[in-house]
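S.K.: sequence plus the predicted model coming up.
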Amino acid sequence: MFRGVLATAAAVTVLTAVPASADEVTGPIDLGTLPGGLTSSGLLVTNHGTVFGEAYDKAFDVHGARWDPAGRIGELRPLDGYSAVKATALNEAGVAVGDSTNHVTTGRATRWDASGVPVELEQPTGFPGYAWSTPVAINDHGVVAGNAYGAPGPDSAVRWDAQGKVTELGLGRVSAMNEAGAVVGSSDYGPRYWDPAGNLVELTGAGSLNDLDDAGTVVGGSGAHAAKWDPSGRLTLLDTTWENSTALTITADGTIVGEVRDKDFTTRIARWDPAGTLTVFPGGASRVTAVSRSGAVLGVDGGHTPLVWDRAGRVLRLSVPEGGICSADGLNDWEVTGSCSVPGRNSHAVLWRFGEPVGTRAR
């Protein structure tokens, strides 16, 4: 299915870890590396259990890596003429997008389907001619949104259809896209919201736009406060009691996740239910790292310990191997992916599990 399927399910092991909510969180599970490679990292994981990240190959170039639900790794190589891959997004079908690069800040937007063969996404030809492009988001229809850039011209938000044909949306940079293909982002001229037809929609009082749901509700910030906008652009402030707040993402059921900050400058994870009721993380300082489709939150506390704040209100701290260092970067509704290093070994992609999958899948 993929190039270089390198690890078997039997090779997936659980590292010896210092217990932390041991009865509720299992892992970290070592996902391994490319053959001959030394390091790997998991960055995103779907609810179907596909992990997308990066791994060094035998030539010490970083390539894309995709692990199937059984834990088998497949190498995602860059386009011909490029040496490295920067992973950016993954949809529930396991289609991955990222940049093919040559170890610099410039690259070409690339997509990998189930075959693992890199396909270049069409480059726009807008003023003055964009030399480079990078994808930011991919939806479950295979539509990709991202940015095209190249001095001396300004950055442009672009959208590629499922066949890779590009449409230039206008000046700006993309933050997120929904299943209908509507896109939010920012520019030097302020926040940007393009509807599915590519029309620019004005949002009253918008300061920053971070995410949107499939109905077209947009979340972000207005002034110093978390806010949302309906599809017509009408503003609703989510909170004015905290010194500062922002809404970072919105889930399918209308749950909004963000952060709040008091006068003591301590930032805390915040969650608004669909009715608008605010619940603040039950602890001290905390920051959001990622949010699952159901609204589980991956974050870190004031000591940079990775944790999950699940929909049941539990705070689950992720186990770290004794003497090791771990980062946690992405989650689905029941797993977290990231990377861990232990004494005497380079960093490997890992998984933690904090719940049970829908269905019968198990690693």
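M.R.: Yes, it's here.
S.K.: quick one: residue 100 is in a strand?
M.R.: Yes: judged by DSSP: H, G, I helix; E, B strand; the rest coil, residue 100 forms part of a strand.
S.K.: hang on, it packs against residue 85?
M.R.: Yes: contact status for residue 100 versus residue 85: in contact at 6.2 Å, counting by Cβ atoms under 8 Å. C-beta here means a position set from N, CA and C on the backbone, and glycine is covered the same way.
S.K.: neighbour count: these two, which is higher?
M.R.: residue 85 (28 against 23; other Cβ atoms under 10 Å).
S.K.: check contacts around that one.
M.R.: 54, 62, 63, 64, 76, 77, 78, 98, 99, 100, 101, 110 (Cβ atoms under 8 Å, 6 or more residues apart in numbering).
S.K.: same thing but at 6 Å, please
M.R.: Applying Cβ atoms under 6 Å, 6 or more residues apart in numbering to residue 85 gives the contacts 63, 64, 78, 98.
S.K.: low-confidence ranges, the protein, go.
M.R.: 1-23, 104-105, 126-129, 151-152, 358-363 (pLDDT under 70).
S.K.: mutual contacts of residue 100 and residue 85, please.
M.R.: residue 78.
S.K.: before we move on, back to that, for the contacts of residue 85, could you give me a markdown table that also reports secondary structure and neighbour count?
M.R.: Formatted as a markdown table, those follow (DSSP: H, G, I helix; E, B strand; the rest coil; neighbours: other Cβ atoms under 10 Å):
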| residue | secondary structure | neighbour count |
| --- | --- | --- |
| 63 | strand | 25 |
| 64 | strand | 29 |
| 78 | coil | 24 |
| 98 | strand | 28 |
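S.K.: ok, of these, which one's closest to residue 140?
M.R.: Set against residue 140, the nearest of the contacts of residue 85 by Cβ to Cβ is residue 98 (17.6 Å).
S.K.: how about stretch 40-49: buried residues?
M.R.: Residues 40, 41, 42, 43, 44, 45, 46, 47, 49 are the ones in stretch 40-49 that count as buried (16 or more other Cβ atoms under 10 Å).
S.K.: an error on my part: the question was meant for stretch 146-154.
M.R.: 146, 147, 148, 149, 150, 154.
S.K.: equivalent analysis for stretch 67-74, please.
M.R.: 67, 68, 69, 71, 72, 73, 74.
S.K.: biggest separation within the contacts of residue 85, which pair?
M.R.: Among the contacts of residue 85, 63 and 98 lie farthest apart (Cβ to Cβ), at 9.8 Å.
S.K.: residue 85 belongs to a strand?
M.R.: Yes: assessed by three-state DSSP, residue 85 belongs to a strand.
S.K.: from residue 61, how far off is it?
M.R.: 8 Å (Cβ to Cβ, to the nearest Å).
S.K.: also residue 221?
M.R.: Distance, residue 221 to residue 61, using Cβ to Cβ: 39 Å.
S.K.: over to residue 220?
M.R.: Separation of residue 220 from residue 61 (Cβ to Cβ): 37 Å.
S.K.: please identify which of the two sits among more neighbours.
M.R.: It is residue 220, of residue 220 and residue 61, that has more neighbours when counted by other Cβ under 10 Å, with 27 against 18.
S.K.: tell me the first helix or strand C-terminal of the helix or strand where that one lies.
M.R.: Per DSSP states H and E, residue 220 falls inside strand 218-222. Note on strand 218-222: by DSSP H and E, the next helix or strand toward the C-terminus is strand 225-229.
S.K.: now what about that following strand, what contacts it?
M.R.: For strand 225-229, contacts defined as Cβ under 6 Å, 6+ apart pick out 203, 217-219, 221, 235-240, 245-247, 258.
S.K.: next: stretch 334-353.
M.R.: With contact meaning Cβ under 6 Å, 6+ apart, stretch 334-353 is reached by 25-31, 38-42, 45, 51, 53, 298, 318, 321, 323-330, 355, 357.
S.K.: how far off centre is it?
M.R.: Centroid displacement of stretch 334-353 relative to its chain, using Cα atoms, centre = their mean, to the nearest Å, is 17 Å.
S.K.: check stretch 166-180 too.
M.R.: 16 Å.
S.K.: next one: stretch 28-43
M.R.: 19 Å.
S.K.: same question for stretch 236-256.
M.R.: Chain-centre distance of stretch 236-256: 19 Å, with Cα atoms, centre = their mean.
S.K.: begin at 732 from here
M.R.: With 732 as the first residue, the last one maps to stretch 967-987.
S.K.: can you give me the buried ones in that stretch?
M.R.: Neighbour-count burial for stretch 967-987 [16+ other Cβ under 10 Å]: 969-970, 973, 975-982, 985-987.
S.K.: next: stretch 1027-1046.
M.R.: 1027-1032, 1037-1042, 1045-1046.
S.K.: those into a markdown table, with extra columns for secondary structure and distance to residue 870?
M.R.: Converted to a markdown table, those look like this (DSSP: H, G, I helix; E, B strand; the rest coil; distance: Cβ to Cβ, whole Å):
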| residue | secondary structure | distance to residue 870 |
| --- | --- | --- |
| 1027 | coil | 20 |
| 1028 | strand | 22 |
| 1029 | strand | 21 |
| 1030 | strand | 25 |
| 1031 | strand | 28 |
| 1032 | strand | 32 |
| 1037 | strand | 27 |
| 1038 | strand | 28 |
| 1039 | strand | 25 |
| 1040 | strand | 26 |
| 1041 | coil | 25 |
| 1042 | coil | 23 |
| 1045 | coil | 30 |
| 1046 | strand | 31 |
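S.K.: fine, thanks again, bye for now.
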